[in-house]
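Engineer: got a sequence here, can you model it:
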Amino acid sequence: MDITPRQLEIIEAAGKILTASGVSGMTIKNLAKEMHFSESAIYRHFGSKEEIIVALLNYLGNDIDKRLSNLSKTANPEDTFRSLFREQFRFFSENPHFVVAVFSDGLMEESLRINQNILKLMNTKIKHLMPIIMEGQQKGIFTNAITTDELMHIIMGTFKLQMFKWRIANFEFDIKRSGDNMVQSILTLIKNKQV
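Structural biologist: Numbering: from 1, shown residues only. As a prediction, the model looks like this:
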């Protein structure tokens, strides 16, 4: 995805507004005000609010894919599982304005393009997490009493809840430490007891 530095600035500012005020607060007027631009300057880079949100979701999807593809894979799926979530919590702690992507299911529900990009973002997360869970199940480290798909829902839902708590707490607690605790709790639940 080719994105100019100015477009990235606009996306980051849009993420801040979306995270703080939701879709109703994310207007071109508010975005221009946040960036100390004119509205026409925003329109030189993006044709609409929808285009900005699509670009934000694409940017995040590409970034997540790149970062998680570069994670060192260990022989132990449990360690790889921890590394994946540590990387996600590290990224969001440094970029809280992108936390809106975790809750993107409420973004302009009438927009087919946005919904398609939300699905693409979710599939990127699944692409990296699913093989770790499957490998853990195949090696007998993670339980087989629950299907891989059901484990995915449990894990992704728990991650989303953790991020929601952080967001409504105005990002005031250490998400990396809380995230590590969350990951340990998930592992306690999904690991085979004899391992």
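Engineer: okay, CA-based contacts and neighbour counts for the rest of this
Structural biologist: OK.
Engineer: roughly how far does the most centrally placed residue in the chain sit from residue 193?
Structural biologist: Note on the chain: the residue nearest the mean C-alpha position is residue 102, at 4.5 Å, using CA atoms, centre = their mean. Using CA to CA, to the nearest Å, residue 102 is found at 31 Å from residue 193.
Engineer: for residue 162, same thing?
Structural biologist: On the measure of CA to CA, residue 162 and residue 193 end up 25 Å apart.
Engineer: more neighbours: which of the two?
Structural biologist: Taking neighbours as other CA atoms under 10 Å, residue 162 and residue 193 compare with residue 162 leading, 15 against 10.
Engineer: okay, and that one sits in which element?
Structural biologist: helix 148-168 (DSSP states H and E).
Engineer: list the helices and strands that helix packs on?
Structural biologist: helix 112-138, helix 175-190 (3 or more CA pairs under 8 Å, 6 or more residues apart in numbering; DSSP states H and E).
Engineer: tell me how many other residues crowd residue 42.
Structural biologist: 21.
Engineer: could we number from 54 for the rest of this?
Structural biologist: New numbering, starting at 54: the last item is residue 95.
Engineer: related to what we said a few turns ago, quick one: closest of the helices and strands packed on helix 201-221 to residue 87.
Structural biologist: helix 165-191 (22.9 Å; CA to CA).
Engineer: packing partners of that closest one?
Structural biologist: Against helix 165-191 (3+ CA pairs under 8 Å, 6+ apart) you get helix 102-122, helix 130-147, helix 201-221.
Engineer: still on that earlier bit, and the average pLDDT for the helix holding residue 215 is what?
Structural biologist: Mean pLDDT, helix 201-221: 93.
Engineer: please apply the same query to stretch 148-160.
Structural biologist: The model assigns stretch 148-160 a mean pLDDT of 76.
Engineer: same check, this time on stretch 167-187
Structural biologist: 92.
Engineer: list of residues touching that stretch?
Structural biologist: 103, 106-107, 110-111, 113-114, 117-118, 121-122, 130-131, 133-134, 137, 157-158, 160-162, 195, 201, 204-205 (CA atoms under 8 Å, 6 or more residues apart in numbering).
Engineer: filter those down to the buried ones.
Structural biologist: Buried members of these, scored by 16 or more other CA atoms under 10 Å, are 106-107, 110-111, 113-114, 117-118, 121, 130-131, 133-134, 137, 157, 160-161, 195, 201, 204-205.
Engineer: and the residue nearest to the centre of the chain, how far from residue 142?
Structural biologist: In terms of CA to CA, residue 155 sits 12 Å off from residue 142.
Engineer: repeat that for residue 238.
Structural biologist: Distance of residue 238 to residue 142, computed by CA to CA: 15 Å.
Engineer: which one's more surrounded, those two?
Structural biologist: residue 142 (22 against 11).
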